[in-house]
Structure formats: C-alpha cells, structure tokens
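predicted model and sequence below, questions to follow.
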Amino acid sequence: RMETDCNPMELPNNTGFEQDSDYRDFEGTDVKDMRLEAEAVVNDVLFAVNNMFVSKTLPCAEDVAYINVETRERNRYCLELTEAGLRVVAYDFDETDDSLQTPYHETVYSLLDSLSPAYRDVFGNALLQRLEALKRESQS
C-alpha cells in the first residue's frame, strides 16, 4: 500500500455503512453496537496509519470488538474495544494474548499517540491544516 498524506478536509463524511453487506448480516441482532463503534474508530484515524480494519476473525459482541492496526512504523497490533476503552491485546493481527496486561486508553487518539510517533506527526499536521483552513474561512 502506497503511503500518502491525506488532507483531512477531503475525508468523506458518508462512510457508506448502509451499502456494506457485512452490516446487513447484523440487522436485528445485538452484535451491532461495538462493531459499528469499531468501524467509526477506524474511519476516524485510518488516514494516519498504514492499515486499520475491524477483525472479521475474532468474535464481535455487544460489548467487545477487535481492531487490527498497522502503524506507519510497520508495527502490527490487535486492539480490543470495550466500554472501558481501547487496549492492545496482541502484537499481530487477529490475535489475543491473555498474558498481555496493557492499559486501557479512553480514545483511539491516545492509544495511537502512545504507540506511533509517525501517527502523532501525521495527525498533528492534519489538525494544523484543518485549523488553518478554519482561520482562512473566518477571515473571508
């Protein structure tokens, strides 16, 4: 996958969940909650990492979902998303390691900030671009 910097002003607002066949399977079940939350997390920060997606291998439930992420440093993690927050549960995709006692983070931003200096740079630059655009809009 080619690395490109993303202009956050161009990020899509409509993520197209409705058309995605993966979601129709969950209609009317209680599995929807954390999986949709996980998809929202992925869409929020995908531009600042190499790869990120909700695991299709590990089971999603009403109270837990798993997200695979590869940082720009090429480190792979499996994250657990629960009401308590997000935490690293393994150092590869689609795995969990019960012996791993990693702290929960309230937000995906905080978690990625602690794992990836490159994420911090890309996200910070995107924020700066957005603020500069807002400043220009308010001056015109």
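Thanks, I have it.

for this structure, what spans make up the helices?
Using DSSP state H, the helices of the chain run over 21-24, 32-45, 108-115, 117-139.

pLDDT score for E37?
Predicted confidence (pLDDT) for E37: 95.

from what I see, it and A65 are in contact.
Yes. Proximity of E37 to A65 meets the contact threshold set by C-beta atoms under 8 Å, at 6.7 Å. (Glycine included, C-beta is placed from N, CA and C.)

okay, the two: which has more neighbours?
A65 (25 against 16; other C-beta atoms under 10 Å).

would you reformat the helices of the chain as JSON lines and include distance to E73?
Below are those laid out as JSON lines (distance: least, C-beta to C-beta, whole Å):
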{"stretch": "helix 21-24", "distance to E73": "29"}
{"stretch": "helix 32-45", "distance to E73": "15"}
{"stretch": "helix 108-115", "distance to E73": "9"}
{"stretch": "helix 117-139", "distance to E73": "6"}
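
quick one, which of the ones you listed gets closest to F53.
F53 lies closest to helix 32-45 among the helices of the chain, at 6.2 Å (C-beta to C-beta).

tell me the angle of the closest one relative to helix 117-139?
For helix 32-45 against helix 117-139, the angle by axes from the mean of the first three to the mean of the last three C-alpha atoms, to 10 degrees is 80 degrees.

buried stuff in helix 32-45?
Within helix 32-45, the residues scored as buried using 16 or more other C-beta atoms under 10 Å are D33, M34, R35, L36, E37, A38, E39, V41, V42, V45.

are there helices or strands packed against that helix, and which ones?
helix 21-24, strand 51-54, strand 65-70, strand 76-82, helix 108-115 (3 or more C-beta pairs under 8 Å, 6 or more residues apart in numbering; DSSP states H and E).

how about the nearest residue to the residue nearest the centre of the chain, chain neighbours excluded?
With distances taken as C-alpha atoms, centre = their mean, V42 lies nearest the centre of the chain, 2.8 Å away. Leaving aside its chain neighbours, V42 sits nearest to M52 (4.9 Å; criterion: C-beta to C-beta, 6 or more residues apart in numbering).
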